[in-house]
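# give me a 3D structure for the following:
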Amino acid sequence: MNKIRLTLIILFAATGFAKNQPVAAQGNTGIKITTLNTEWLSCTAYGPADEELQINNIAAVIRAMDSDIIALQEVGTSGAYATIDTIVRRLGSEWGGNIIPWSNSNCSQNQGIIYKKSTVQFVNSELIRNGGSYSNWSSGRYPALYNVNILAGNDVIPVSIVNIH
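Alright, predicted model coming up:
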């Protein structure tokens, strides 16, 4: 078995629309990573009023892009409404997701990821809070760090994704 000891660090900064960035791994045809600003997902006070339509549209866009990892920005969450889980359920059992909220509010603009389980294995996530004060990061939207493994044939490639909004 060919062992790969490589860690990739990928940074995303949201610009209000989706961007694709293919990343080729040795022995693999490549992995597609996308960033998508969901525009106040689950916050009808600022975002689209029809949450059901917005969730369905986001799921349709993710399916159409056919990316392996999607880094999301502006994702609300609360005990009443779990947006990442809702999107993953709409996509199907071959998908997974994770959100690391800095606030449990439907209007808190958290970052999250959604990924294909066939090519990505979720390891862990955390907020990066040691990079300055609350005000240095757009009212506390600290960067989110997602550690995943890319599954490339028999190889497992550790990847760190930093999602900045």
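# show me where this protein has strands.
With strands called from DSSP state E, the chain shows them at 8-13, 19-23, 31-41, 69-75, 95-99, 110-116, 120-127, 144-152, 155-164.
# output the contacting helices and strands for the third one.
It refers to strand 31-41. strand 8-13, strand 19-23, helix 51-65, strand 69-75 (3 or more Cβ pairs under 8 Å, 6 or more residues apart in numbering; DSSP states H and E). The C-beta positions use only the backbone N, C-alpha and C, and glycine is treated the same way.
# which other helices and strands contact the longest one?
For helix 51-65, the helices and strands in contact under the criterion 3+ Cβ pairs under 8 Å, 6+ apart are strand 31-41, helix 83-91.
# contacts for it, please.
18, 20, 32, 34, 36, 38-39, 41-42, 44, 47-48, 70, 83, 86-87, 90-91, 114 (Cβ atoms under 8 Å, 6 or more residues apart in numbering).
# ok now it, how far from the chain's centre?
14 Å (Cα atoms, centre = their mean, to the nearest Å).
# returning to that earlier point: would you turn the strands of the chain into TSV with mean pLDDT and distance to Ile62?
Compiled in TSV, the strands of the chain are given as follows (pLDDT from 0 to 100; distance: least, Cβ to Cβ, whole Å):
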stretch	mean pLDDT	distance to Ile62
strand 8-13	52	15
strand 19-23	50	12
strand 31-41	92	8
strand 69-75	94	6
strand 95-99	95	8
strand 110-116	94	6
strand 120-127	96	13
strand 144-152	95	16
strand 155-164	93	15
